[in-house]
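>>> Fold the following.
(chains A and B)
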Amino acid sequence: MKVSVPRFFRFCAAHEGLVRALTQVGDEEVTEQTVRGIIQRNINAKEEGVENIYRSLVELQILVPLRTERNTMLIAQQLVALVRYLVDEARPATPQMIQGYINSLSSASGRMAAAAEARDTDMLSLMLLEVRNVLARIIRDVEETQDTVIREVMAFKINATDISVKTRFSRIVYWLRNYAEPMAELVRVDGPMDATFADLEKVLNDVKSSTWHHGVEQSLGLLRTVTRHSWHVFDQCLKELRPLYDAMVQANMIATGAAYALDKLTSVRLKEWDARFVVDVPSFRQQNLLSDTGLFEALRRIHGYKPRARPVLVDSDDENGRDSVRRHEWINSLPEKLAANLPVADLCTFLIADKPDADVDDIVGAIARIYYDDSFASAFNDAPRQQYELETCTIGACPLEVSLHD
Amino acid sequence: MIDLPHLQEIYEGLSVGHHYGPDDGVLFDALRTRFDDFRELFRVLGINLVRQEPEFFYIDAPAIDAARKTSAKMTLVCYILVDHYASQGQSIEEAIMGHSHFVRNLPHFALDRYAKLMREVDIPDRDTLESVLDSMGKIGWLKREDAEQFRFLRPFYRIFSKCVQLAEVAASERDAAQPVNQEGVEAE
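Here you go, the predicted model:
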């Protein structure tokens, strides 16, 4: 059934939202119920009625019934293509699609060679037409791929917020790994496309030399265009994606490293975290050291030092003070005297002999001085308790034996 | 006679952990133009003077005692900032280095997860965070623009470098944890 062109375009113009919504379905099968849902959401149902619109869609062949058990249908792909063309919407070609075209050209090349050999001009015409169609599709698909990649790159740059670094990185990796790199591999010099095209070019040149056909020259020109164009397009895609990928690799590593460090802070001991994750900022200044001012003052004193005689203790007018000083001097002189007489069997006898006028304070102070001196070994021997006569009194004590410390 | 410009000032700064960048004016210029001489002098003294890109200078040595604790606090503050901007979707480098930051907008106590980590290194509140920022200012990691606002300086790139290094460690740990079957092929 022929479709009225004016009616078709009038309908599309009046229901742009609905047409766009339907083309979003793409080439998927849809049920009548799904279609009615789309209509409901995209028209003023009260004014136009879902049923009327549904009927118009069928009459205008926008809906293509599939006669399946589930009563499914397709959206007319011509309409989908037309809308994409009008809104400049691109769909990327997958490497599998391009590989399919290459396989198709390879097959056509063989059949064309056979047709040329058999001088079957009808078959040759068909083969040339097929080749040109495939080449045209390749051009269209690689252009759509480039458009999609550029659109994705722009969206990536513009929508800088709301998406985590990891997600952004994943998207770039997706485009690079699934489209740009495999495509570039397919179309590179000495790659699968190059090999097939070389074979095809040879066949076309053979055909050209053996028989005249107006489609041969045209196909050869198209073939060379496709080769150059495909390489250029995927090279451009790589140039668009590579810098983003490199930047995102770095950003992703930074994000991963920080997250790893934060995660470990709660799972390892703080000391280990300090050792492995902390960026050291050293300080050579230690706590409790002299300040610069203190050091300077000390150096100034050393610089201005003049040797002087040892200070002499001035005799005090106070009798107690004088006794105290003399006792102190006698006690400090004892280690030297004792060392010259070691071993000493009885320290008290030694002390009284050395200072006959010693009183109790002198003797007790002297014994303590010697007993706690690390250079001597002092021990009470087994001798019985002795009586020691001092000028002022008599004291009783066990003899303390003193020898040199080991 | 050692004839290096601003040697005393530069040494005094480096010895307390200062990092020299363009904001340090003539001292930075002195290090930039006579770097090899400075490095050689410090090398003789057992000090490793480092030049890192984008150009800045610091001493690479382990931090001990109080300096170690301060280092841990500063490092954590930076890691949290990186983690925050990574999940915001912005370019981390641009977000941290390209803008001024308001102290009140810092994310360190906005999430319980971050606050808990901050307590681990003894930063329990915003006042302590402020004192850590002051420490970072003293060593040339950031510059206060006013009481509320500051911007990070080039030495923050030490954190980025450390993150990249840690990401490699994390990746190798992940690889090592992957079960390997008898053919030696890593399982998915």
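>>> Every contact and neighbour count from this point should use C-alpha atoms.
Fine.
>>> center of chain A - which residue?
A:M253 (1.6 Å; CA atoms, centre = their mean).
>>> I'd guessed that one sits against B:S161; true?
No: contact criterion CA atoms under 8 Å: A:M253 and B:S161 do not qualify, at 9.5 Å.
>>> Regarding the chain, what is its longest helix?
Just going to use chain A. helix A:214-267 (DSSP state H).
>>> my bad, the chain I had in mind was chain B
In terms of residue count, the longest helix belonging to chain B (DSSP H) is helix B:65-88.
>>> and that helix, does that touch chain A?
Yes: applying CA under 8 Å from any CA of the partner chain, one finds helix B:65-88 touching chain A at B:67-68, B:71-72, B:75-76, B:79-80, B:82-83, B:86-88.
>>> Does the longest helix of chain A reach chain B?
Yes: interface with chain B: helix A:214-267 contributes A:250-251, A:253-262, A:265-266 (CA under 8 Å from any CA).
>>> tell me the domain ranges of chain B?
B:7-59, B:65-168 (automatic domain parsing).
>>> Just give me how far the longest one sits from the chain centre.
Taking the mean of its C-alpha atoms, domain B:65-168 sits 9 Å from the chain's own mean (CA atoms, centre = their mean, to the nearest Å).
>>> Now do that domain: distance from first to last residue.
One end of domain B:65-168 to the other measures 29 Å (CA to CA, to the nearest Å).
>>> what mean pLDDT does that domain have?
Average pLDDT, domain B:65-168: 92.
>>> By mean pLDDT, which helix or strand of chain A comes out lowest?
The weakest-scoring helix or strand in chain A, judged by mean pLDDT, DSSP states H and E, is helix A:45-48 (a mean of 75).
>>> Following the chain past that helix, name the next helix or strand.
Going down the chain from helix A:45-48, the next helix or strand is helix A:50-59, by DSSP states H and E.
>>> one step back: I'd like the residues of helix B:65-88 next to chain A laid out as TSV, including distance to A:D246 and neighbour count.
Supplementary listing: the residues of helix B:65-88 next to chain A in TSV, determined by distance: CA to CA, whole Å; neighbours: other CA atoms under 10 Å in any protein chain shown:
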residue	distance to A:D246	neighbour count
B:A67	36	20
B:R68	34	20
B:S71	30	24
B:A72	30	23
B:T75	26	26
B:L76	26	27
B:Y79	22	24
B:I80	24	23
B:V82	18	26
B:D83	20	23
B:A86	16	25
B:S87	19	17
B:Q88	19	17
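>>> which of those residues lies closest to B:Y114?
For the residues of helix B:65-88 next to chain A, the minimum distance to B:Y114 (CA to CA) is 6.9 Å, reached by B:I80.
>>> how much space between that closest one and A:Y260?
From B:I80 to A:Y260 the distance is 11 Å (CA to CA).
>>> for the chain, what spans make up the strands?
No chain in the question, so chain A it is. For chain A, the strands defined by DSSP state E occupy A:30-31, A:63-65, A:72-75, A:376-380, A:386-389, A:394-397, A:400-404.
>>> hm, I was asking about chain B
Along chain B, counting by DSSP E, strands occupy B:49-52, B:56-59, B:100-102, B:142-144, B:149-152.
>>> Name the residues that touch the fourth one?
Where contact means CA atoms under 8 Å, 6 or more residues apart in numbering or on different chains, the residues beyond strand B:142-144 that reach it are B:L133, B:M136, B:G137, B:F150, B:R151, B:F152, B:L153.
>>> Can you say which two of those are spatially most distant?
Between all members of the contacts of strand B:142-144, the farthest pair (by CA to CA) comes out as B:L133 and B:L153, at 12.4 Å.
>>> ok, back up a step: most tightly surrounded among the strands of chain B?
For the strands of chain B, the largest average neighbour count (mean count of other CA atoms under 10 Å in any protein chain shown) is found in strand B:56-59, namely a mean of 23.
>>> by contact count, what packs against that one?
Applying 3 or more CA pairs under 8 Å, 6 or more residues apart in numbering or on different chains; DSSP states H and E, one finds that strand B:56-59 contacts helix B:7-15, strand B:49-52.
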